[in-house]
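Q: what would the 3D arrangement of this be:
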Amino acid sequence: MSNTLTPKELERELRERSPEPERLIRSLANCDRRHFLKVSAKFAAMAAAASVIQPHAFQLVNVAYAADAPGAAPDVAFSFAYISDSHLFSRGMTHRFAKAALKAVQDVNALDPQPDFVLYGGDLAQLGRADELALGQQILKELKAPVKMMVGVHDWYLDMSQKWTEMFGPDRYSFDHNGVHFVTLNSVVEKDFWTAKGYTPEERMNVVAGLDDGRQSRFEVGEAQRDWLKQDLAKVDKKTPIVVFSHSPLYKYYEPWNFWTDDAEQVQALLFPFKTVTVVHGHTHQLLTNRIKNISFHGVLSTAWPWPYAPTGLPALTLQMDRPDPFDQFDGCGDGSVAILKSGQANATYNLWDRNPQTVTYAQIAAGIKGGGPSY
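A: Below you'll find the predicted structure:
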């Protein structure tokens, strides 16, 4: 790669990422200080030679979690991957949503090293049908790593989760892994709006499946489940890192679209006493970052389609994705992973299909800045 590029050539190199600069940029992940300085100096020289910046203007400010010396272990204790919101119809493996879910499975299976487990973030089915869930189960069986399931709204309201729990187990549970306490919640509980109106199961499902159908109630965790969570957390030391899996965000984002959990503050109050808490949620189909006191929140991508950002309520820490191309079925979709650091904090990586991957680190969240960079 030449160090004497014109400004337009440099702009194209940095935007289009030809193989050589792409290789150099990717080599910065968990690199040692010497390699970071070598690569950054190369790009600084390119920019200075093109008169884009002056040589003295490129200064190393901070490198979060870079190794101190060659061969030093990165500050990652373990990682898990996620796939979420596939919304499968019962149309077989040739339907585009099924193909997208298979693509995500292939992505995760290609990770090296493999994640300790894979979170499925809910909404495996679109209308909660047994054949939709069976198709999803068939796809997820191809994963090499163990799978942790979470129920979504589209999985629940046809038969109130009877088939889902028969296939995948309870809708709430906890487990410990490598010094971290994990909790999976059912955060899509709704008050009964269907009995008095005589809705059939199919009618109930169709109402809940509507993003902004005013006939349904807001999502909640509910009193019974909050009591269960309180009892579960009572057995955990306050210094133990906590990771919560929740389909809807455990804060109030945008009520008209039900990007909302009505009793979010009550759930947060149970988590505030702990030193480190990370919440990973589905449902919103977008890169989404929030921070409330000691709790970091990360939304995850969908494999089916991306939702637009809501007109109000978007957390300030969110690095917004550019508007997806409506003619590209994979644009704005994807899968991802979460690295649990030795400190118990978490870095979230978004594997955006047809875009650059994005990583939001805990260091960025703690500093109150938006993580990542341009998505193209």
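Q: isn't Asp75 right up against Ser343?
A: Yes - Asp75 is in contact with Ser343 according to CB atoms under 8 Å; the separation is 7.3 Å. C-beta coordinates here come from the backbone N, C-alpha and C atoms, glycine included.
Q: identify the residues contacting the helix or strand where Val208 lies?
A: Per DSSP states H and E, Val208 falls inside helix 201-209. Under the criterion CB atoms under 8 Å, 6 or more residues apart in numbering, residues 126-128, 153-154, 156-159, 190, 193-194, 199, 213, 215-216 lie in contact with helix 201-209.
Q: in ChimeraX, how would I select just the buried ones from those?
A: Those of the contacts of helix 201-209 that count as buried under 16 or more other CB atoms under 10 Å are selected in ChimeraX with:
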select :126,127,128,153,154,156,157,158,159,190,194,216
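Q: doesn't Met321 make contact with Asp331?
A: No - in this structure, Asp331 is not within contact of Met321 by CB under 8 Å, at 9.3 Å.
Q: okay, and the common contacts of the two?
A: Taking CB under 8 Å, 6+ apart as the criterion, Asp331 and Met321 both touch 306, 355.
Q: who are the contact partners of the residue nearest to the spatial centre of the chain?
A: The centroid of the chain falls nearest to Val300 when counting by CA atoms, centre = their mean (2.4 Å). If a contact means CB under 8 Å, 6+ apart, then Val300 has 82, 84-85, 121, 280-282, 336, 350 as its contacts.
Q: before we move on, back to that, the contacts of helix 201-209 in strands, which ones?
A: With strands taken from DSSP state E, there is no overlap with the contacts of helix 201-209.
Q: for Asp262, what are its contacts?
A: Residues near Asp262 by CB under 8 Å, 6+ apart: 217-220, 252.
Q: report the separation between it and Gly214.
A: Counting by CB to CB, to the nearest Å, the separation of Asp262 from Gly214 is 15 Å.
Q: quick one, phi/psi of Leu140?
A: As for Leu140, its main-chain torsions (degrees, to the nearest 10) stand at phi -70, psi -20.
Q: could you find the closest non-adjacent residue to it?
A: Nearest-residue entry for Leu140: Val147, 5.6 Å, with adjacent residues in sequence omitted and distances by CB to CB, 6 or more residues apart in numbering.
Q: if that neighbour is in a bridge, with which residues?
A: Taking DSSP bridges as the rule, Val147 bridges to Val118.
Q: give me the number of residues near it?
A: Applying other CB atoms under 10 Å, we find 16 other residues in the vicinity of Val147.
Q: now it: how far from Val105?
A: For Val147, the distance to Val105 equals 10 Å [CB to CB].
Q: likewise Gln329?
A: With the distance defined as CB to CB, Gln329 ends up 17 Å from Val105.
Q: these two: who's more crowded?
A: For Gln329 versus Val105, neighbours defined as other CB under 10 Å are more numerous around Val105 (20 against 17).
Q: ok, now which ones touch the spatially closest residue to Thr318 that is not a sequence neighbour?
A: In space, not counting the residues next to it along the chain, Thr318 is nearest to Thr289; the distance is 4.9 Å by CB to CB, 6+ apart. Taking CB under 8 Å, 6+ apart, we find Thr289 in contact with 296-299, 315, 317-319, 348, 360, 365, 370-371.
Q: buried among those? Make that a PyMOL selection.
A: Filtering the contacts of Thr289 down to the buried ones (16+ other CB under 10 Å) takes a single PyMOL command:
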select buried, resi 296+297+298+299+317+318+319+348+360+365+371
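Q: from the contact counts, what lies against the helix or strand just after the helix holding Val208?
A: With elements assigned by DSSP H and E, the helix or strand that comes after helix 201-209 is helix 223-234. Applying 3 or more CB pairs under 8 Å, 6 or more residues apart in numbering; DSSP states H and E, we find helix 223-234 packed against strand 180-184, helix 264-271.
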